[in-house]
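In: My questions concern the predicted model and sequence given below.
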Amino acid sequence: MAEPAARGQDVPGGSTIGLVVNPIAGIGGRVGLKGSDGAATVERALALGAVPGANRRAVEALLRLRLAWPAGRPLPRILAAPGEMGERAAREAGHDPVAAGEVGPGPTTAADTRRLAAALVEHGVDLLLVAGGDGTARDVHDAIGGRGVVLGIPAGVKIQSAVFATSPAAAGELASEFLAAGRPRTIEREVLDLDEDAYRDGRIAPRLYGTLRVPAGRRVQGRKSPSPPEDAVTMAGIAADLAERLVPGDRYVLGPGTTVRAIAERLGVPKTLVGVDVVLAEEGGRARLVAADVGERELLATVAAGPAWIVVTPIGGQGFILGRGNQPISPAVVRAIGPEHIIIVATAAKLAALGGRPLIVDSGEAALDAALCGHVTVLSGYRDAAVVRLEAA
């Protein structure tokens, strides 16, 4: 009697995965550029020392798929966009992909993503995995419309669309679960996108771009929801409470978001709504601005001057505290400041909107995410706090 195939062994047969990687997705995140749309942004990000990370995120997803795949069953065949747009990641993860289509010389473009995604769906893949951000999801939507089933591997900066898994590992697990199921379930989820130029100017202008059909499951992230206007009073209470807690002489890294902006206003400093700023606490619950709209490198240099704290608020409707829109607060920055010096702020309404789901961390380093997990205290009003669970994505 033949031995069953080992877990993770490529054998003929089974289902087929399409794979497209946007290699420049998220390149502007850690250097504080808040996105990667446009050739000029990519050139600037590279000049600032940015390192592309989409390929690594795709590899992580495909490795987890192998680990999660049922023993004795043939692994899915991978039909990948060529080179750095998918084939490279599949090979690094130990698969033997078939390259489909061609990519010309020079930097890849949105047109490449649209063309290759359409070609893979036309080949009849059972699931199209796409590594990128909201702009990539928009391109895939344009290319395939209502055809096929798609799952996003989060590799961008904002990632507000509800077509992405909560993390690369979650994408691999959900893909395995979906393809191994006898009757896989799917659901229509929203593709959102922002005007990145407006976003960099501090204006949040999301719009519903369309929908894509994705595997159903709890590992798919929620769509980003804004803070309701009635939360303003509670935000002011949070700001007053935090002002009373300031340690004069310490630095405070203020992440993006309207709740953190309310804190900055209470401290008497300007705040870049979608950027990361650093303030120095002074006596009397006030502060002065030390650095505005900084990237990872500037943050590391700034917080090296003395004790520091990180102030973040979860993304509404999603619950992410790290890894979405605040990539300058990188694992290196968290380690330099100390995980015990993270202050999470959120109104009770924002926490209730999660419907009992935990807060989530997706810093990009699994070991750090695991160390941050557990029950955490969230400052939710004036002299009011909630204890909630924080989990790795």
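Out: Now that the structure is in, tell me what you want to look at.
In: those strands in the stretch 251-393 of the chain, which residues are they?
Out: Assigned by DSSP state E, counting those that start in this stretch, the stretch 251-393 of the chain shows strands spanning 251-254, 277-282, 286-291, 308-312, 320-322, 342-345, 359-361, 374-381, 384-392.
In: What spatial separation is found between A162 and H95?
Out: Noted for A162: a distance of 27 Å to H95, by CB to CB, to the nearest Å. (C-beta placed from N, C-alpha, C; glycine too.)
In: With A352 instead?
Out: In terms of CB to CB, A352 sits 42 Å off from H95.
In: what do you get for K224?
Out: K224 sits 32 Å away from H95, going by CB to CB.
In: returning to what we had before: could the strands of the stretch 251-393 of the chain go into CSV alongside distance to S176 and mean neighbour count?
Out: Formatted as CSV, the strands of the stretch 251-393 of the chain follow (distance: least, CB to CB, whole Å; neighbours: other CB atoms under 10 Å):
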stretch, distance to S176, mean neighbour count
strand 251-254, 37, 27
strand 277-282, 41, 21
strand 286-291, 43, 17
strand 308-312, 31, 23
strand 320-322, 23, 27
strand 342-345, 32, 22
strand 359-361, 20, 27
strand 374-381, 27, 17
strand 384-392, 18, 16
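In: closest to R266 out of those?
Out: R266 lies closest to strand 286-291 among the strands of the stretch 251-393 of the chain, at 9.0 Å (CB to CB).
In: so what secondary structure elements neighbour that closest one?
Out: Under the contact criterion of 3 or more CB pairs under 8 Å, 6 or more residues apart in numbering; DSSP states H and E, strand 286-291 touches strand 277-282, helix 296-303.
In: least reliable of these going by mean pLDDT?
Out: Comparing mean pLDDT across those, the weakest is helix 296-303, with a mean of 93.
In: Can you pull the poorly scored residue ranges out of this structure?
Out: Across the chain, the ranges flagged by pLDDT under 70 are 1-13, 28-51, 194-206, 226-230.
In: Run through the residues that contact the most centrally placed residue in it.
Out: The centroid of the chain falls nearest to R324 when counting by CA atoms, centre = their mean (4.1 Å). By CB atoms under 8 Å, 6 or more residues apart in numbering, the contact list for R324 reads P154, V157, K158, I159, I315, Q318, D362.
In: farthest-separated two in those residues?
Out: With distances taken as CB to CB, the most widely separated pair in these is V157 and Q318, at 13.9 Å.
In: Give me the more crowded residue out of these two.
Out: Using other CB atoms under 10 Å, the more surrounded residue of V157 and Q318 is V157, with 29 against 25.
In: So what does the more buried one look like in phi/psi?
Out: In this entry, V157 is assigned phi and psi values of phi -100, psi -60 (degrees, to the nearest 10).
In: Relative to G217, how far out is it?
Out: V157 is 24 Å from G217, by CB to CB.
In: Ok, G94 next?
Out: Applying CB to CB, the value for G94 to G217 is 24 Å.
In: So for those two, which sits in the more crowded spot?
Out: Neighbour count, other CB under 10 Å: between G94 and G217, G217 has more, with 17 against 14.
In: Identify the residue spatially nearest to the more buried one, adjacent ones excluded.
Out: Ranked by CB to CB, 6 or more residues apart in numbering and with sequence neighbours excluded, the top spatial neighbour of G217 is L174, at 5.2 Å.
In: of A352 and H95, who's got more company?
Out: Taking other CB under 10 Å, A352 and H95 do not tie; H95 has more neighbours (23 against 11).
In: what kind of secondary structure is the residue lying closest to that one once chain neighbours are set aside in?
Out: In space, not counting the residues next to it along the chain, H95 is nearest to I78; the distance is 5.0 Å by CB to CB, 6+ apart. Assigned state for I78: strand (three-state reduction, DSSP: H, G, I helix; E, B strand; the rest coil).
In: The residue nearest to G217 touches R219, doesn't it?
Out: Yes - at 4.4 Å, L174 counts as touching R219 under the criterion of CB atoms under 8 Å.
In: Quickly list what's touching both of these two.
Out: Common neighbours of L174 and R219 (criterion: CB under 8 Å, 6+ apart): A165.
In: Just want to know which of the two has more residues nearby.
Out: Counted by other CB under 10 Å, L174 and R219 do not tie: L174 has more neighbours, with 25 against 21.
In: does the more buried one sit in a helix, a strand or a coil?
Out: Of the three states, L174 takes helix according to three-state DSSP.
In: any idea how far Q221 is from it?
Out: L174 is 11 Å from Q221, where distance means CB to CB.
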